[in-house]
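# Provided below for reference: sequence and predicted model.
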Amino acid sequence: MKLLHWCTLSPQGPSSLAAIRFSAPIRVSLIRIFPNGSQPFTNCPDVIAQTEPDSFYLDVFFNAQALKPAESKEKQRAPNALVPTTIAYAGGQADFTVDLGTEYATRLMIVKGKFDVVSFAIYGEVVSDAQPSAESVQDIPPTSIPSAQAIPLSRSLDVANAVDPTQLAKSLLSIIPESPSLSLASRLVLCMKPESNDWDDPDFPHLYANLEREIALDSFTLEDAVDCLGRPIAEDTTEETMLKFWKAVAHEIESENTSRQSALIAKLFKLSASQHPSFALDLCLQVDPVAVFNSNNLECDTLHDLLDAAANADIAHHFNSAPFLEVLQNIQRDSSQEKKTQTAAHRLASRLQSWDIFQDALTNTQADFAAAIAMLKDIGSEEQSVGIWLASMILHDDLVTKLSENPVFSNSQSYPRLFMRNASSAISHDDFIAFVRGYIGVISVFAVWAWSDSLGNDPCRERVLGVLRLWQGVDGYHELVNYFLLLRQFSVRLKWITSDNDVPRKSGFFGEQMLADLVKDPQAVLRVEVTQAILALEVPLSFIPESELLSLRKLAYVSEDGLPAAIEEIFYSSDRPLSLRRLRTLRVSLAIVSKELAEDDRGEWRILQIVRDEHGKPFIPRLTGLLHDVSANLNEHFVVTCCPPNAIDPAIVDLLLRTADDLLHLISQLSLHFSLTTHLLRSLTLSVADIFACTDAADTIFYQTSAACISAQVARQTCLDVMRQLSRPGFTVEPDNKLGAEVILRTLLYHSVGSAGRDPVYHLQQIFSLIDHILPERGFDEEQREHWVISVLPTIQMETLEFFRLLDLEHKVPFMHRLIGLDEEGMVGLAEWLFIEELKQLSTSLRALAKSNDHTASNLVIKHGIQLHLQFIQQLLRPKSEALQAWSINTICTAEEASPTFTTCLVEVLHARIISSHLENLIPSLLSHASQFDFSLKSAILLVTLRVSQRDIDLVPWLDIVTLLESLPVIPLEGGVEMVRREIGRTFSALSRPGIPLTPDSSKAVISIMKWLSEQQNKKYVCLCGIKAEEVAALHEKLSDNISSEEVEKVANLRSNFSVDEDEMLSGPDVVLTDSLELSMQNLEGLLTFQVVGGETPSTPSQKSNVPDVLGIVFSPPTAILRSPAATGLTKTYQNNDFRDLRQTPSARQNTSRLPSTHVDVGINGQST
């Protein structure tokens, strides 16, 4: 981007137009307007800008020229399309971005507006007529895009990491001449709300309550005290005067506690809460809450006044007593009380108890920070409460001291992110302190905004709004700013600022930006003041474009019309992909319905009544359908089957994830009141599974602090919560009363292969993760055990097996571990059954290997599958957890089919001459537990161990081999004698090789094996095979070197008993298995091609001979019939789909007497159809 043009324009003619014509097509990127009298360019001091008046709207029109016009034989006409835009210049140097796109350029710029003169610079690039060729583009060297680095806030703006978080607010307040202290200004705009006449008083804001005059009145009443405290007390008021005032108030309290008296006393507590700390404390000393308030006189308004007063620490401690809390409990338990009264009593009790937690959290690193933050969130929802709390944090010395004792780190960039919906429960003390400081600093700046706006001081207001708008773009501060904007006072002030747009102002520009950001949250649109602020917007606007204004008005109309409009929007049918406007409208509609459910006891019935009367369709199925549309739309952003891949729009993904989250919350709420059908729950589960998989992809792709990533984390947790809720014990679906857990798990297990265009392996992993989170953890109660182990798992046995076979090893072992943990007592034995099926599949693979051809792709795949089976068994028998190993051994010993199947697998491994590192690692565990196995399995283990020793004599414990061999009276395996002879002979042959030393253990083992062989009744044992006579001699020589002279003679005698059969047929070469599998694309395509397994390939029978047999009869139809038009189909030569076409012809044109054809349709890839 470079400077293209500089000019000073003045409007001409009655239309007040000015124009610039460029000498070449250009692409404008930026227009920079300079204020009057400024020097735009440092190197050109003689160039002075002229811009008058200081603010105005400017309509700009660009003549758009297409860079690649459509081809046509006719002569191209010069385009005359004008692209309009509006600039709102509010003074100072201002930059305005222009986006003409890459397909258009311009040579003419027209300017129109109510201005006298304007100086601006145009930045962009010149568009060359000759577009760069593909070769020149390829010659451009690739450059790496630098990673985006977040720019930290300056120290003056980062109030969360400031020693005095109110310093920024004080600095902004000082812009106003003769400004009061921050504590006084905040009390007046947040707590006291001065009368209109007071603002016009010359002494304002220093108008204070005259306590002494009120006390001197002969007819002093509680009403007089309330009226007196409508103004703040002076800072120089003596303690004696304050105490005297409250004694006079206490004297007027009557013994009969009427509702009016309790309301007046509650107002006195509220009005004193924001005053000097001693003032509220003196009131607490004079009034006993239990003596004044009871469950009969505490009305809703009175409770709200006490709720505001409880934002003061001293008042909260005074009311936080067991008797008063019991009064509040009685109100909550009283069914005759209104719901809003019970809610106010609950909030008051919670706030009273939370103050101790909050003060403890200021100094205790292990405090309950979540409860303290919940208190601040509740306080921040009401103006007077937050104003009183701010006064406490500024004026109460003990709170100020506790907060200041926490150090501030100079390099800290910890922002208060604790208002976020996905805030972790693991909150550090430093994060909490930063949050409290940020909370104080932000609400202090809001108080300055209210003060400057009340006085009409535009310089201070602009500066404050600029700070707030900047904070809206910073995580943590963003949540606080938008939360305080929902306070009625500030929503109304935002409306005033944005609706006053006769001329552009910076405050109006900031206000529009803040409002546009605020209404992204559907809960904000539900506020009446925010809705009114949107409807008050009128063009021209400084920031919000007209298309966005129409979208905002749509949201406001839905919010204003309430529940009927919301339900109508929910039932509105729209095409996919869902637009931003549709998604935002849908979110507001869902928020309205959720609010109705939360605030009205009969909200669900009102919703269903409107649905029935207006639409006549069920509501929950409609919500589930919307969830399916959202999940399908979301899935399109993460598919891998598109070429080129779809562009991922973070804004759309963020809104889709938030919409899915809202839908899931609403469906979860309704499921508590209404039953679901099996089909509905299955559809819901499928949508949740796809959304769950997309959330993990979004969490991986997007930056961790981005809106899309945060929304993905929130939606992911919601998916888990909803699935757990719908799979809880006792939850059933209609019409067959199936358990919800059964339907959910069966659906997820089937859906493990339904990736919908996403990476299928990644999808399977996400389904496993979802199932893993749904299943209960260890330590569940008996109800959970009966629900899952007895009622759910047996019904999904086959689906679990298919899912188990799809899992990779990384997830297969944890899945087995989870099933073992669920059924620790083996009541159902699902894990044991899966283990046996795994052994059977290994046996099947070993038999398939024996039949397959070597060095083919299918052979490689079978070998890799065998390796994975062996690795799985090895990880069960040699796991990190001893409990898993004990379970595996016990299963082999006790399960009916486990031991025979495992024995068969080991024997087949021997026959196939498998060499695997996992098999070698398995041997020590099998030998150490061999005493628990039957004779057949022991024999197989012995043979496999001998086979392993032939590769490396150090891999096996020789003494364990001897122990195992001596425990076998016979070898019960079929062909066991020959197998023992062969394996022992090969083992001896391996030991006899040069360069392989015999250890004392291996020497003893060889002698013991020879003794065992010679002692067997079957004389075949002493005839060794797989070894040569010279190798026997070499082994004897090695033994003689490692044993004593006495044993040499014994070995010689043993050797004389043995013979060698060198003519024995030996097996083929070893099959070495590896952990990796490499296939070419051609081999992979061949494996995926359908092949007919077994049987003959269907084909059309060959034509039979015309020569009849002796007894045969030949029918010769008349020539007229063959030439008949109705019989033309009989002489047709079938090609491609002609045979199918003939079937679809009318029966009148077919020879119905014709015998059925034996022709076979041949489909794609040679498959018969």
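Nice, I can see it.
# check contacts around the spatially closest residue to residue 826 that is not a sequence neighbour.
Once flanking residues are discounted, residue 826 sits nearest to residue 832: 6.7 Å by C-beta to C-beta, 6 or more residues apart in numbering. In short, each C-beta sits where N, CA and C put it, glycine included. Listed by C-beta atoms under 8 Å, 6 or more residues apart in numbering, the contact partners of residue 832 are 826, 891, 895, 898.
# Surely the second one and residue 834 touch.
In this case it means residue 891. No - contact criterion C-beta atoms under 8 Å: residue 891 and residue 834 do not qualify, at 10.1 Å.
# before we move on, the earlier item: tell me how far the residue nearest to residue 826 lies from residue 400.
66 Å (C-beta to C-beta, to the nearest Å).
# got it, and residue 753?
63 Å.
# and if you look at residue 963?
Using C-beta to C-beta, we find residue 963 at a distance of 78 Å from residue 400.
# How far away from the center of its chain is whichever helix in the chain runs longest?
The longest helix of the chain (DSSP state H) is helix 429-455. Helix 429-455 sits 31 Å away from the centroid of its parent chain (C-alpha atoms, centre = their mean, to the nearest Å).
# And the next helix or strand past that helix?
Next along the chain after helix 429-455, taking DSSP states H and E as the criterion, comes helix 458-472.
# Mind listing residues that contact that next one?
Against helix 458-472 from outside (C-beta under 8 Å, 6+ apart): 153, 157, 168, 172-173, 175-176, 442, 445-446, 448-449, 452-453, 477-478, 480-482, 497, 505-507, 510-511, 513-514, 517.
# relative to helix 429-455, how tilted is that helix?
Using axes from the mean of the first three to the mean of the last three C-alpha atoms, to 10 degrees, the direction of helix 458-472 lies 150 degrees away from that of helix 429-455.
# buried residues in helix 458-472?
460, 461, 462, 463, 464, 465, 467, 468, 469, 471, 472 (16 or more other C-beta atoms under 10 Å).
# ok, these vs residue 796, which is closest?
Residue 796 lies nearest to residue 472 out of these, by C-beta to C-beta, at 49.2 Å.
# any idea how far the closest one lies from residue 488?
19 Å.
# ok, and for the longest helix of the chain, which residues are buried?
For helix 429-455, a neighbour-count test (16+ other C-beta under 10 Å) marks 429-455 as buried.
# who does that helix touch, helix- and strand-wise?
Applying 3 or more C-beta pairs under 8 Å, 6 or more residues apart in numbering; DSSP states H and E, one finds that helix 429-455 contacts helix 167-173, helix 182-187, helix 369-379, helix 383-395, helix 397-404, helix 458-472, helix 477-485, helix 488-499.
# Arrange those helices in JSON lines, one row each, with distance to residue 626 and mean pLDDT as further columns.
Below are those laid out as JSON lines (distance: least, C-beta to C-beta, whole Å; pLDDT from 0 to 100):
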{"stretch": "helix 167-173", "distance to residue 626": "44", "mean pLDDT": "95"}
{"stretch": "helix 182-187", "distance to residue 626": "45", "mean pLDDT": "93"}
{"stretch": "helix 369-379", "distance to residue 626": "30", "mean pLDDT": "93"}
{"stretch": "helix 383-395", "distance to residue 626": "37", "mean pLDDT": "95"}
{"stretch": "helix 397-404", "distance to residue 626": "47", "mean pLDDT": "92"}
{"stretch": "helix 458-472", "distance to residue 626": "30", "mean pLDDT": "94"}
{"stretch": "helix 477-485", "distance to residue 626": "26", "mean pLDDT": "94"}
{"stretch": "helix 488-499", "distance to residue 626": "30", "mean pLDDT": "93"}
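# For residue 1038, find the nearest of those helices.
Of all the helices and strands packed on helix 429-455, it is helix 369-379 that lies closest to residue 1038, at 72.3 Å by C-beta to C-beta.
# Buried residues, the closest one. List them.
Those would be 369, 370, 371, 372, 373, 374, 375, 376, 378, 379, for helix 369-379 by 16+ other C-beta under 10 Å.
# same thing with stretch 848-866?
For stretch 848-866, by 16+ other C-beta under 10 Å, it's 849, 857, 859, 860, 861, 862, 863, 864, 865, 866.
# first to last residue in it, what's the distance?
10 Å (C-alpha to C-alpha, to the nearest Å).
# neighbouring contacts of that stretch?
With contact meaning C-beta under 8 Å, 6+ apart, stretch 848-866 is reached by 842, 845-846, 911-912, 914, 916, 1071, 1073, 1077, 1079, 1083-1084, 1086-1087.
# In helices, which of those appear?
842, 845, 846, 911, 1083, 1084, 1086, 1087.
# in what helix or strand does the residue nearest to the fourth one when sequence neighbours are not counted lie?
In space, and not counting its chain neighbours, residue 911 is closest to residue 850: 7.2 Å by C-beta to C-beta, 6+ apart. Counting by DSSP H and E, the element that carries residue 850 is helix 830-851.
# and the helix or strand following that helix with helix 830-851, angle?
Where DSSP H and E defines the elements, the next helix or strand beyond helix 830-851 is helix 857-877. Inter-element angle recorded for helix 857-877 and helix 830-851: 150 degrees (by the same axes, to 10 degrees).
# where are the low-confidence patches of the stretch 601-750 of the chain?
643-644 (pLDDT under 70).
# And the one helix or strand residue 1053 maps to, what does it pack against?
Element membership of residue 1053 [criterion: DSSP H and E] is helix 1045-1056. Contacts defined by 3+ C-beta pairs under 8 Å, 6+ apart place helix 1045-1056 against helix 1000-1015, helix 1029-1042.
# Extract the CA atoms of that helix and return them as CSV.
Provided in CSV are the C-alpha atoms of helix 1045-1056 (Å, rounded to 0.1, in the frame of the first residue of the first chain):
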residue,chain,number,x,y,z
SER,A,1045,34.1,-82.7,36.2
GLU,A,1046,31.6,-84.8,38.0
GLU,A,1047,28.7,-83.5,35.9
VAL,A,1048,30.7,-84.0,32.7
GLU,A,1049,30.4,-87.7,33.0
LYS,A,1050,26.7,-87.5,33.7
VAL,A,1051,26.1,-85.3,30.7
ALA,A,1052,28.1,-87.8,28.6
ASN,A,1053,25.9,-90.6,29.8
LEU,A,1054,22.8,-88.5,29.0
ARG,A,1055,24.1,-87.7,25.5
SER,A,1056,24.5,-91.4,24.8
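# quick one: strands adjacent to the helix or strand just after it?
Where DSSP H and E defines the elements, the next helix or strand beyond helix 1045-1056 is strand 1059-1061. Next to strand 1059-1061 in the sheet, as set by DSSP bridges, lie strand 1023-1025 (parallel).
# avg pLDDT for the strand it pairs with?
When pLDDT is averaged over strand 1023-1025, the result is 84.
# Give me the number of neighbouring residues for the residue lying closest to residue 1050 once chain neighbours are set aside.
Residue nearest to residue 1050 in three dimensions, not counting chain neighbours: residue 1007, with 7.8 Å by C-beta to C-beta, 6+ apart. When neighbours are defined as other C-beta atoms under 10 Å, residue 1007 has 18 of them.
# Phi first, then psi, for the spatially closest residue to residue 931 that is not a sequence neighbour.
Distance criterion C-beta to C-beta, 6+ apart; nearest residue to residue 931, sequence neighbours excluded, is residue 967 at 7.1 Å. Backbone torsions for residue 967, taken as degrees, to the nearest 10, come to phi -80, psi 0.
# Next: residue 43.
For residue 43, the backbone dihedrals (degrees, to the nearest 10) come out as phi -80, psi -10.
# gap between it and residue 3?
Taking C-beta to C-beta, one finds residue 43 at 12 Å from residue 3.
# which one of these two has more residues nearby?
residue 3 (13 against 6).
# which residues pair with that one across the strands?
Applying DSSP bridges, one finds that residue 3 bridges with residue 123.
# still on that earlier bit, take the contacts of residue 832 and keep only those in strands.
Counting by DSSP state E, none of the members of the contacts of residue 832 fall within strands.
# if you look at these, which of them are in helices?
891, 898.
# Tell me which other helices or strands the host helix or strand of residue 28 touches.
Taking DSSP H and E as the definition, one finds residue 28 inside strand 17-33. Judged by 3+ C-beta pairs under 8 Å, 6+ apart, strand 17-33 is in contact with strand 2-9, strand 56-66, strand 81-89, strand 94-97, strand 104-113, strand 118-126.
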